[in-house]
Each structure stands twice: as structure tokens, then as C-alpha cells.
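A.B. asks: below is the sequence, then the predicted model.
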Amino acid sequence: MTSSAEHTSERPEGPAADDVGDVPARRGRVRGRRAAVMAVPAAVVAAGLAVLTAEGALGVQFAISGMPFTVTATELNGTGFAQFGGLDEMAEGSPNAGETGGQVLVVTSVIKDATLTKLCQSVDLGGTNLVIRAGGGAQKVRASDLTTDSTELSGDAAFKNIEIGNDASTLDKAGPLGRGPKGVFSQQSDTVRIANLRQTNYATTAGVFKLPGLKLGFSESGC
């Protein structure tokens, strides 16, 4: 599954002219991204691509760093799945904002109960990678009320009793946390299975996150 992103007054004379002139342009970009949320298609590709994880009723409850991180697993199984588009916000003045206005257009996925096999998470720190691994043994990683805000995801996906095209505010399969903003395109299913999962995420939250066999360290390569 893929996601797709995405007025003047006279300028005063004097030293403040440049500052005032920049405001409409920045606001225009922000409004454009917010409008794009309404059109984010949470479509399922039959070949097996899916995107897991946004903002709104669910939204991330913190300012994101703006640094993407990679998550992989040989298999993800979940019950109670919901998905819709949204925006994540960086802290004011974040050096990672670039030309984005401090916002990232994402697809949010919510899974009520999930298990992951051979989980790997890595973030590029510039010259080295912080890598976390878990669930490589007999016990799998387990999470409840798992949410991920993603810009990319790949894998081989299968859903049971899927509904596509719902208004995000009406979703009910992933519980109260799995509802998004009114008027936003969404989908939900009773179960989800994704083999060879790979995500580019900007945020993850969970009510409970159990990581058996946790290993954390630095490496020249990520997941």
C-alpha cells in the first residue's frame, strides 16, 4: 500500500517586509498538507504491499524528532486492524523540519493485539546506526494498542473481513484508539498478517510492548 502526499496582501515597507512576506507561503504549504490528508488512499495492493500507521483521534501524543527509523519483522500477525492518513508534527524550530514546515504526511495503522517475529528497529545517526532486536527466539514480540506512523511499507499482506473506504471516524475493529478524523478515507479488518514486513516510520506507540531477548547496540548497517 502506498500513500500519496499531497492565499496575498500588500507587503509592508521596512525591515520587517521579508518576514511578513514569508508567512503566507509557509501557511500555504501547511494547508496543502492538511488537505492532502483527506485524499490519502489506504488502498490494499493485491500483490501484497500494505502500509501500517497518524494523527486525529488516535494521533501521536508527542512531537516527533523528524528522523525516520526502519522496522522489519519476518512476520506480523494482528487482530483488530485499522488504517487512515494523518499528519505528524515536529517540535517548533526542529532542525529536521527542512522545507516541510515541521510536518510529515503519514499513514497510521492501529492493531489492537499484535505479535511480531524477529523484530529489528534501526535509526541512522549519521555514520552509525542504533539497532534494536527482539523476538528472535521461541517467544515473539507482543504489543497491544500498537500504532505506527509510516511513510513506506512493504511485505506480503493478508486480511480477514476487510472493509475499504470507511469514514475514519466510524472505525470500530481496533477499539476506541483506532478511529481517525471525520471525512478521512480509511480501512479496517478483523485480522492482518504481513510476512517480510519492512516499514519506514516516524512514530510508534503501544499500550504494552513486550520485547523478549532484547538486544540494543550500534552497527555500521541498519535493519
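C.D. replies: In hand now; what should we look at?
A.B. asks: so Asp169 lies in a strand, does it not?
C.D. replies: You called it Asp, but residue 169 is Ser. No. Counting by DSSP: H, G, I helix; E, B strand; the rest coil, Ser169 falls outside a strand, being helix.
A.B. asks: near it, how many other residues are there?
C.D. replies: Counted with other Cβ atoms under 10 Å, residues neighbouring Ser169 total 15. C-beta coordinates here come from the backbone N, C-alpha and C atoms, glycine included.
A.B. asks: OK, contacts around the residue lying closest to it once chain neighbours are set aside?
C.D. replies: Take Ser169 and drop its neighbours on the chain: the residue closest to it by Cβ to Cβ, 6 or more residues apart in numbering is Lys182, 4.0 Å away. Contact analysis of Lys182 by Cβ atoms under 8 Å, 6 or more residues apart in numbering lists 167-169.
A.B. asks: any stretches of this protein with poor pLDDT?
C.D. replies: Applying pLDDT under 70 to the chain picks out residues 1-61.
A.B. asks: how about the strands in it?
C.D. replies: 69-89, 103-117, 119-124, 129-134, 141-160, 163-167, 185-205, 208-210, 215-219 (DSSP state E).
A.B. asks: and the residue minimising distance to the centre of the chain, what are its bridge partners?
C.D. replies: Nearest to the mean C-alpha position of the chain, by Cα atoms, centre = their mean, lies Asp149 at 1.1 Å. For Asp149, the beta-bridge partners under DSSP bridges are Thr108, Ala203.
A.B. asks: isn't it up against Gly180?
C.D. replies: No. Counting by Cβ atoms under 8 Å, Asp149 does not reach Gly180; the two are 11.8 Å apart.
A.B. asks: now flag whichever of the contacts of Lys182 is closest to Thr205.
C.D. replies: Ala168 (17.3 Å; Cβ to Cβ).
A.B. asks: distance of the closest residue to the closest one other than its chain neighbours relative to Thr79?
C.D. replies: Counting by Cβ to Cβ, 6+ apart, Ala168 lies nearest to Gly180, which is 3.0 Å off, once chain neighbours are set aside. As for Gly180, its distance to Thr79 is 19 Å (criterion: Cβ to Cβ, to the nearest Å).
A.B. asks: more neighbours: those two, which one.
C.D. replies: Gly180 (29 against 16).
A.B. asks: now that one: how far from Leu76?
C.D. replies: Where Leu76 is concerned, Gly180 sits at a distance of 21 Å (Cβ to Cβ).
A.B. asks: what's the answer for Gly85, then?
C.D. replies: From Gly85 to Leu76 the distance is 20 Å (Cβ to Cβ).
A.B. asks: likewise for Glu163?
C.D. replies: 20 Å.
A.B. asks: looking at these two, which one has more neighbours?
C.D. replies: Using other Cβ under 10 Å as the criterion, Glu163 and Leu76 rank with Leu76 on top: 28 against 16.
A.B. asks: fine by me, thanks again.
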